[in-house]
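Asks: can't give you the sequence, but here's the structure:
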């Protein structure tokens with residue numbers, strides 16, 4: 001009911017939905033409602049924030065197939081974001097995961113750039129902005145503590161540096177090593193290896209068919 005009731009009047013509403021989607025189990029549980037609401041969010045952002053009214057929501061391919069924007073977003077975040085996927089040449093793999101062909105990878109990259117790139121950049125910027133504001137508020141609160149309170153605070157167990165840095169890296173989205181990246185990092189895509197595997201599979205099928213015919 002919360003998802004269905006969500007409307008988009010300001011970017012804070014977009015951030016609310018994107019914060020929800022940060023939970024993988026939540027996506028799987030409410031996938032159909034989230035797909036509809038995600039498209040509404042993208043449409044609102046393009047029209048109201050960017051002044052773009054010429055792009056269909058969702059994107060439609062020449063043969064009428066709809067592009068699943070939520071699925072595209074989840075796949076890209078899982079593999080480290082737009083820049084990481086581009087550097088590692090993983091767009092062909094993203095295309096295959098979405099049910100397209102490897103050669104559609106560049107098309108998928110363009111769709112992401114046209115519909116999601118600025119939205120996600122703005123979301124991360126707002127998230128970091130809120131984090132900085134929270135930090136300033138905490139520091140101001142700590143500065144008003146009495147000497148006794150400061151002494152008690154110093155006696156508490158300190159937060160390990162590596163834990164703090166890991167949390168910060170997760171928050172700003174530098175590596176996305178949180179719940180979206182539980183799988184092993186995928187290797188750079190190699191078209192030659194993919195073609196070789198397909199050729200070997202086709203050869204094996206043809207050999208087995210010929211053997212069956214001889215029998």
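Replies: Perfect, thanks for sending it. Just so it is clear, the structure is predicted and the values come from calculations on it, not from any experiment.

Asks: how about the lengthiest helix in the chain: buried residues?
Replies: Longest helix in the chain by number of residues (criterion: DSSP state H): helix 117-143. Neighbour-count burial for helix 117-143, counted by 16 or more other Cβ atoms under 10 Å, picks out 117, 119-120, 122-124, 127. In short, each C-beta sits where N, CA and C put it, glycine included.

Asks: Where in this protein is the helix or strand with the lowest mean pLDDT?
Replies: Every helix and strand of the chain was ranked by mean pLDDT, DSSP states H and E. The lowest is helix 161-172, at a mean of 33.

Asks: pLDDT score assigned to residue 42?
Replies: Looking at residue 42, its pLDDT reads 96.

Asks: Name the SS class of residue 12, please.
Replies: Secondary structure assignment for residue 12 (DSSP: H, G, I helix; E, B strand; the rest coil): helix.

Asks: and it, how many neighbours does it have?
Replies: 9 (other Cβ atoms under 10 Å).

Asks: now the one 10 residues further on
Replies: Residue crowding around residue 22 was assessed by other Cβ under 10 Å; the count is 12.

Asks: how far away is it from residue 87?
Replies: For residue 22, the distance to residue 87 equals 23 Å [Cβ to Cβ, to the nearest Å].

Asks: shaky segments in the chain?
Replies: Low-confidence segments of the chain, defined by pLDDT under 70: 62, 134, 139-215.

Asks: all helices of it, in order?
Replies: 2-5, 11-21, 24-29, 31-44, 69-78, 82-87, 91-97, 105-115, 117-143, 147-155, 161-172, 191-214.

Asks: out of the buried residues of helix 117-143, who's nearest residue 52?
Replies: Taking Cβ to Cβ as the measure, residue 119 is the one of these closest to residue 52, at 11.3 Å.

Asks: Could you find the closest non-adjacent residue to the closest one?
Replies: Leaving out its chain neighbours, the residue that sits closest to residue 119 by Cβ to Cβ, 6 or more residues apart in numbering is residue 45, at 5.0 Å.

Asks: So what's the residue count around the one you found?
Replies: Other residues lying near residue 45 total 21 when counted by other Cβ under 10 Å.

Asks: That one against residue 14, yeah?
Replies: Yes - at 6.1 Å, residue 45 counts as touching residue 14 under the criterion of Cβ atoms under 8 Å.

Asks: residues bridging contact with those two, i.e. touching both?
Replies: Contact with both residue 45 and residue 14 is made by residues 8, 119, according to Cβ atoms under 8 Å, 6 or more residues apart in numbering.

Asks: dump the residue contacts of residue 3.
Replies: Contacts of residue 3 by Cβ under 8 Å, 6+ apart are 17, 20, 30, 33-34, 37.
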